[in-house]
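In: could you work out the structure for the sequence below:
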Amino acid sequence: MTNNQTSNIVRITLLISFTLLGFSFFLGSNANAITHTFNFYLLTEWVDTPLLSILTGIVFLVSALLVIFAAREPALRSVLLTIVAILALVPLFTLFSETRWIASLGGFPIIGSGQGIIKYAALLPLAVYLCKYDAMSLRQHALLNFLPVALVLYWIGAMKFFEFEANGIVSLVETSPFMSWLYAIFTVQGASNAIGAYDVLFATVLGFAIWMKAPRVAFIAVVGAGAVFVMTQTFLLTAEGAFSSATLLSGLGQFVIKDLWFIGNLAVITQYSISLDKSIFVPQQVEA
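Out: Residues are numbered from 1 along each chain as shown. Predicted coordinates:
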């Protein structure tokens, strides 16, 4: 996998997600997310939520256009990097707001709405890869892109061992043709534990493979971790209410579509793994 191929994968994931999120926020979807985010910065005292939703949608849509044009105009890459950094950091800082915590379970880092917020951490490494590729080695890019993958798989994976999370994913798992079978084998908590163990396992294996420069192990781990983020995309079609005719994506839909970013993160890690051992993907010639 070359830099151009990886860059195209990253651009596609950003373009699709930014476009869908942009139109969703512009049309007023998930107003609570806008309120909670901008309450943290006290902006809702000056600007009402509908206007903030529209402005947020516009920023996402502008970012989608920049993803396209920055590929041909290097001068726009700094602009893209700056805007994506803002898109990522503004919600990430709100993790320090009590509205993101579940106080009855100990508070931070036991998070409620913060599950969707930590996903914004995936954006910064992708923007750096697209806009400042030559400023870092490919190994440094791989390590940087591993961090958000590990954050989400460890954090959300670990939450699967809590009863409230096990119950919270029932509506997603039982409607999925790919995952509903878990409830035929396990209890609700058992199925959630299995999912959580899977997430934690592949995050650990992936980190080990990158650190130890084990490309074949890394490739297996990328496939395993990637399956998590590809699977969540199917929830857009199987989960009730993920799409809305009025707002394009519901709050659940917005939560799910962000997982596209991690596919981009994993693409960068895959490029690094292939650079270490190209024989994984290059057929061996058999001598006569």
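
In: what sits up against the helix or strand of the chain with the lowest mean pLDDT?
Out: In the chain, no helix or strand scores lower on mean pLDDT, DSSP states H and E than strand 243-244, which sits at a mean of 82. Applying CB atoms under 8 Å, 6 or more residues apart in numbering, the contact partners of strand 243-244 are 29, 236, 249, 250, 253. C-beta here means a position set from N, CA and C on the backbone, and glycine is covered the same way.

In: switch the cut-off to 10 Å
Out: 20, 24, 27, 29, 236, 237, 249, 250, 251, 252, 253 (CB atoms under 10 Å, 6 or more residues apart in numbering).

In: name the strands paired with that strand and say parallel or antiparallel.
Out: strand 248-249 (antiparallel) (DSSP bridges).

In: quick one: buried residues of the next helix-or-strand element following the strand it pairs with?
Out: Later in the chain than strand 248-249, the nearest helix or strand by DSSP states H and E is helix 251-257. Neighbour-count burial for helix 251-257 flags 251, 252, 253, 254, 255, 256, 257 (criterion: 16 or more other CB atoms under 10 Å).

In: now the residues you listed in JSON lines, with distance to residue 137?
Out: Below are the buried residues of helix 251-257 laid out as JSON lines (distance: CB to CB, whole Å):
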{"residue": "251", "distance to residue 137": "39"}
{"residue": "252", "distance to residue 137": "38"}
{"residue": "253", "distance to residue 137": "37"}
{"residue": "254", "distance to residue 137": "34"}
{"residue": "255", "distance to residue 137": "33"}
{"residue": "256", "distance to residue 137": "33"}
{"residue": "257", "distance to residue 137": "31"}
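
In: pull the most distant pair out of those.
Out: Farthest apart among these by CB to CB are 251 and 257. That separation is 11.1 Å.

In: shared neighbours, those two?
Out: Contact criterion CB under 10 Å, 6+ apart; residues bridging residue 251 and residue 257 by contacting each: 24, 242.

In: show me what counts as buried in stretch 155-168.
Out: Neighbour-count burial for stretch 155-168, counted by 16+ other CB under 10 Å, picks out 155, 156, 157, 158, 159, 160, 162, 165, 166.

In: residue ranges with poor pLDDT in the stretch 151-288 of the chain?
Out: Along the stretch 151-288 of the chain, segments meeting pLDDT under 70 span 278-288.

In: thinking again about what came up before, from the buried residues of stretch 155-168, which is closest to residue 215?
Out: Distances from residue 215 to those, taken by CB to CB, are shortest for residue 157, at 24.0 Å.

In: would you mind listing the buried residues in the helix or strand containing the closest one?
Out: Element membership for residue 157, per DSSP H and E: helix 138-159. Neighbour counts over helix 138-159 (16+ other CB under 10 Å) mark 138, 141-146, 148-159 as buried.

In: next one: stretch 186-197
Out: 188, 191, 192, 195, 196.

In: how far away is the fourth one from residue 152?
Out: Relative to residue 152, residue 195 is positioned 13 Å away (CB to CB, to the nearest Å).

In: give me the common contacts of those two.
Out: residue 228.

In: picking up where we left off before, going by distance to residue 227, which of the buried residues of stretch 186-197 wins?
Out: So of those, ranked by how close each gets to residue 227 (CB to CB), first place is residue 195, at 11.4 Å.

In: residue 92: which element?
Out: helix 77-93.

In: counting by contacts, list what that helix packs against.
Out: Judged by 3 or more CB pairs under 10 Å, 6 or more residues apart in numbering; DSSP states H and E, the packing partners of helix 77-93 are helix 3-26, helix 31-40, helix 49-69, helix 114-117, helix 123-131.

In: most tightly surrounded among these?
Out: Across the helices and strands packed on helix 77-93, the average number of neighbours (mean count of other CB atoms under 10 Å) peaks for helix 123-131, which reaches a mean of 23.

In: roughly how far is that one from the heart of the chain?
Out: 13 Å (CA atoms, centre = their mean, to the nearest Å).

In: ok, stretch 68-88 next?
Out: The answer for stretch 68-88 is 19 Å, by CA atoms, centre = their mean.

In: tell me the mean pLDDT over it?
Out: For stretch 68-88, the mean pLDDT works out to 96.
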